[in-house]
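Participant: Just a sequence and a predicted model for now, questions to come.
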Amino acid sequence: MTGIIAIGGTFLLFSLILSVVLAFFRLWAWSAVFLVMPAVPLQLLGFTGTCTQGADGPFVTGAVLSSPLLASAIGLVLWGGMAKGALSQSGAIVVAVMAMILLFSTRDAWFGALYAGTPCGADYDASHWQEQVLVIGGYLVLPVFLLVSACRAVLPARGKGASGSH
């Protein structure tokens, strides 16, 4: 068990250091990619629990631990998107794909939290609303914001001096 934690901690530290270095060189989208990478296993942490009697603690833990990484990635993508041409389109596409992977791989958790009141599913009673807000925010809202901000950076802006047929 200690070895797994050491490997996970090393991966997280490596990703954060690489993200800082890439941000220093103003590679905003690629920096965001390395922030989202450790968020994927952290969000999947919720699926390691057994949901015994509807206990959604692992889901809440995954949402709480991954949320700062996802919020920072959103900030980097938006920051890089504000400066014209400062955001790598290939990096923004990778960020968008990673956000879609997050949304798809955790769909049972956020769908269950929305419709059943618990990420464990309809077989269990709804738990406290505060935990559901954390799960929906971490598993649905932040990845959707990340996807939208990355798509906004990739798609060309309309009406901002873009040349077209008159």
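Facilitator: Ah, there it is.
Participant: In this structure, which helix is the longest?
Facilitator: Of all segments of type helix in the chain, defined using DSSP state H, the longest is helix 57-82.
Participant: Enumerate the positions of that one that are buried.
Facilitator: Under the neighbour-count criterion of 16 or more other CB atoms under 10 Å, helix 57-82 has 58-63, 65-67, 69-74, 76-81 buried. For the C-beta atoms, the positions are set from N, CA and C on the backbone; glycine is no exception.
Participant: Would you mind confirming that Ser72 is in contact with Val36?
Facilitator: No. In this structure, Ser72 sits apart from Val36 without contact. The criterion is CB atoms under 8 Å, and the distance is 9.3 Å.
Participant: counting contacts, what elements does the longest helix of the chain pack onto?
Facilitator: Using 3 or more CB pairs under 8 Å, 6 or more residues apart in numbering; DSSP states H and E as the contact test, the elements touching helix 57-82 are helix 28-44, helix 89-105, helix 129-136, helix 142-154.
Participant: how about those helices, which one is nearest Cys51?
Facilitator: helix 129-136 (12.5 Å; CB to CB).
Participant: for that closest one, the distance to its chain's centre please.
Facilitator: 16 Å (CA atoms, centre = their mean, to the nearest Å).
Participant: CA atoms of that helix as CSV?
Facilitator: Output of helix 129-136 as CSV, limited to C-alpha atoms (Å, rounded to 0.1, in the frame of the first residue of the first chain):
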residue,chain,number,x,y,z
TRP,A,129,-27.1,17.8,0.0
GLN,A,130,-23.7,19.3,0.8
GLU,A,131,-21.9,16.2,-0.4
GLN,A,132,-24.0,16.1,-3.6
VAL,A,133,-23.0,19.7,-4.3
LEU,A,134,-19.3,18.7,-4.0
VAL,A,135,-19.8,15.6,-6.2
ILE,A,136,-21.8,17.5,-8.9
